[in-house]
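*Asks:* coords below, sequence missing:
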């Protein structure tokens, strides 16, 4: 077998420079960076230009203040699991990244010791960002401790972190650094601290080998380039490029994941683990932002297209029951995939300037994200699903996943606690990336929700505050109020979502011209005065979408709609994963759910009643994810044979069923969950028995994200047979 670590020529050449030459290069680079940002850049944390070739760049958490429903849920997160997870479940009860040098748990295989630092890194990043957004001192103090400890205790060679995961060649031991360093970056950017970037630079240059393998170690390219952007040290860029290049050449080693160039550019099906693919496939987009090399961007887009064209579930996240899978009504995604794919798409958005990536973030966060958590923020699912009629300790129908992974718990994965940490990143990252700035000193409204942003805009870098007042996604109007000491000119861009037709723009109450969208953004260039109100109206419409086996779903605007199933909750303590205050929750159905939608048929001979879903809007509620102000009314008919599925060996164990179909696939027939449903269901649409005398009823659907148990993909009554 050939050597798996190719020679790193560019980095070698830079390291061979004598110290005087290198200091001259560093000084010149630093001066150039300082000049490019203006003399005030050292103290002006309100404006940092995008990476050289990116179209957009996100803002520090300190520039954004959430309000309305967005603040309500960030505060819930902060007050509940966001703060208390380190008191509730291992490995979060350990002081990983905060001084604990050795792996210590009887519940995880010692060979996988890196997991504890990975999982805590997820929580630290999410909790820190949440605290910065809310200016929550209690949560900030707790999340700060491991970051401050790590930065204050570098090794003699500059290495940051515990020695237990120092060896980059051992398992995934440098992968946890990529997770944890996001928290370092968020804190440094919020405080305008460049010293942290210097510490990361020293860390990476202390041992430049080993970042191409194993597969996830290469994800450190993300933090290398963050440090490069802030230190202008050319060795970091060289290290990042060489790590990526070496990673792509590792086919003899078999640990490069699924990103072989021939597979990516050939658009072949993905065979990777979902999180691994999401974390690695974003890297060429970041490399493009710093180098402008077109091949990086082409590779990144092609890598995403493989997923988008095959694996997307109705709630906006790929089907990833650990590995990418089919898209039936019972296919699932790991909660980590919600956090990691949306994080990935944020880099795609910044590199391309294409609002389609923001559309995907919006859909995933507002549907899948809220659909995977208890609305009191005391539990989450490891795996969640469009159709989940129950969520118990034995209800997971995904082979080899562990049957408790679909129940709501503080740590539903038990020993695999990644989702318990990673779920904390979803909403803070949505809030931070709502606003972005562009290369023309302008502002882009990328994701919508109630918030205030404050940053320097225009060529004179004048401080401007913009208040976004809206109940979006529960209303169509978004109002932006400008506050500034004096008139200021800057380009103000608005994302026009793909789902929206005929958007409108008003300035101070008067209709104004909205320029045609370019890559999903319409830009308003004018001089703004303090008190100006710019109103964007995004009309929403109801759509019917079609899914495998004849399934249909309803959407309105950015939201997917589901039939909510009344839950009968029970709880218990499962040590060391839950406590009396934060127990493990089981939910079983306490209302009827076995409906087929009876929509207007495209076949007049079908004899089915003609009906269109009716959208209803009421006044905004204090908590729209518990008491939604929007709903869809639709005609439906009961499907008598559609019942919970039972385990073949133990019929007392029940599962959410697939859509009803032929005799060998009828949902209430006992089945063995060791065999995926997709392996024994027939191809194509399913027909199912439905008594013509069955009455047509009106059912009420609510946003997917407001449910715990739900039906989202329905049988189509027009496909039934008598």
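*Replies:* The structure has been received and is ready for your questions. Fair warning: this is a prediction, and the values are worked out from it, not measured in the lab.
*Asks:* so what pLDDT did residue 463 get?
*Replies:* Looking at residue 463, its pLDDT is 95.
*Asks:* let me fix that: residue 544
*Replies:* pLDDT, read off for residue 544, is 96.
*Asks:* Next, it: secondary structure please.
*Replies:* strand (DSSP: H, G, I helix; E, B strand; the rest coil).
*Asks:* Distance check, it against residue 475.
*Replies:* 22 Å (CB to CB, to the nearest Å). Every residue, glycine included, has its C-beta placed from N, CA and C.
*Asks:* just residue 362 next, same as before
*Replies:* Taken as CB to CB, the span from residue 362 to residue 475 is 15 Å.
*Asks:* Give me the more crowded residue out of those two.
*Replies:* residue 362 (28 against 17; other CB atoms under 10 Å).
*Asks:* Next SSE downstream of the helix or strand in which that one is found?
*Replies:* Using DSSP states H and E, residue 362 sits in helix 356-363. Downstream of helix 356-363, the next assigned helix or strand under DSSP H and E is helix 370-371.
*Asks:* quick check: mean pLDDT across that next one?
*Replies:* 98.
*Asks:* One more: stretch 566-585?
*Replies:* 97.
*Asks:* distance between the ends of it?
*Replies:* Start-to-end span of stretch 566-585 (CA to CA, to the nearest Å) is 15 Å.
*Asks:* Check which residues of that stretch are buried.
*Replies:* By neighbour count on 16 or more other CB atoms under 10 Å, the buried set for stretch 566-585 is 567, 571, 574, 576-579, 582-585.
*Asks:* Can you name the residues in contact with it?
*Replies:* For stretch 566-585, the surrounding residues in contact (CB atoms under 8 Å, 6 or more residues apart in numbering) are 80-81, 84, 87-90, 93, 107, 374, 378-379, 391, 393, 404, 407-412, 414, 586-591, 708-709.
*Asks:* ok, residue 622 - how many residues close by?
*Replies:* 9.
*Asks:* Let's see which of the contacts of stretch 566-585 end up in helices.
*Replies:* Judged by DSSP state H, those include 81, 84, 87-88 as members of helices.
*Asks:* Quick one: low-confidence residue ranges for this protein.
*Replies:* Applying pLDDT under 70 to the chain flags residues 1-50, 103-112, 168-172, 251-257, 601-610, 662-687, 689, 721-722.
*Asks:* Report the contact partners of residue 356.
*Replies:* 498, 519-520.
*Asks:* Now, those that are in helices?
*Replies:* Going by DSSP H, the helices hold none of the contacts of residue 356.
*Asks:* Farthest-apart pair in the buried residues of stretch 566-585, please.
*Replies:* Put simply, by CB to CB the two of those set farthest apart are 567 and 576, 25.9 Å from each other.
*Asks:* Assign residue 525 to helix, strand or coil.
*Replies:* strand.
*Asks:* That one - nearest residue in space that isn't next to it in sequence?
*Replies:* residue 491 (4.8 Å; CB to CB, 6 or more residues apart in numbering).
*Asks:* In which helix or strand does the one you found reside?
*Replies:* Here residue 491 is assigned to strand 488-495, by DSSP H and E.
*Asks:* Taking their axis directions, that strand and helix 356-363 sit at what angle?
*Replies:* Between strand 488-495 and helix 356-363, the angle comes out at 70 degrees (axes from the mean of the first three to the mean of the last three CA atoms, to 10 degrees).
*Asks:* Which strands and helices lie in contact with the longest helix belonging to the chain?
*Replies:* For the chain, the helix with the greatest residue count under DSSP H is helix 114-134. Judged by 3 or more CB pairs under 8 Å, 6 or more residues apart in numbering; DSSP states H and E, the packing partners of helix 114-134 are strand 64-66, helix 68-79, helix 81-88, helix 137-152, helix 175-191, helix 418-422, helix 426-432.
*Asks:* repeat that for 6 Å
*Replies:* In terms of contacts (3 or more CB pairs under 6 Å, 6 or more residues apart in numbering; DSSP states H and E), helix 114-134 is packed against helix 68-79, helix 81-88, helix 137-152, helix 175-191, helix 418-422, helix 426-432.
*Asks:* Format the ones you listed as TSV; extra columns: distance to residue 660.
*Replies:* Output for these, formatted as TSV (distance: least, CB to CB, whole Å):
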stretch	distance to residue 660
helix 68-79	36
helix 81-88	37
helix 137-152	47
helix 175-191	42
helix 418-422	31
helix 426-432	33
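*Asks:* With mean neighbour count as extra columns, can I get those helices in TSV?
*Replies:* TSV is the format used below for the helices and strands packed on helix 114-134 (neighbours: other CB atoms under 10 Å):
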stretch	mean neighbour count
helix 68-79	20
helix 81-88	22
helix 137-152	17
helix 175-191	24
helix 418-422	27
helix 426-432	26
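*Asks:* Next SSE downstream of the strand holding residue 491?
*Replies:* Next along from strand 488-495, by DSSP H and E: strand 504-507.
*Asks:* who touches that next one?
*Replies:* With contacts defined as CB atoms under 6 Å, 6 or more residues apart in numbering, strand 504-507 is touched by 512, 514, 534-537.
*Asks:* so is residue 661 in a helix, a strand, or just coil?
*Replies:* Secondary structure, three-state DSSP: residue 661 is coil.
*Asks:* quick one: it from residue 646, how far?
*Replies:* On the measure of CB to CB, residue 661 and residue 646 end up 16 Å apart.
*Asks:* same thing with residue 142?
*Replies:* Counting by CB to CB - residue 142 and residue 646 are separated by 44 Å.
*Asks:* can you list the residues that contact the longest helix of the chain?
*Replies:* 61, 66, 74, 77-78, 82, 85, 91-92, 96-97, 103, 108, 139-140, 143, 146, 165, 171-173, 176, 179-180, 182-183, 186, 190, 417-418, 421-422, 424-425, 428, 431.
*Asks:* Between helix 137-152 and it, find me the angle.
*Replies:* Using the same axes, to 10 degrees: helix 114-134 against helix 137-152 is 130 degrees.
*Asks:* Who wins on neighbours among the contacts of residue 356?
*Replies:* When neighbours are counted by other CB under 10 Å, residue 520 leads the contacts of residue 356 with 21 neighbours.
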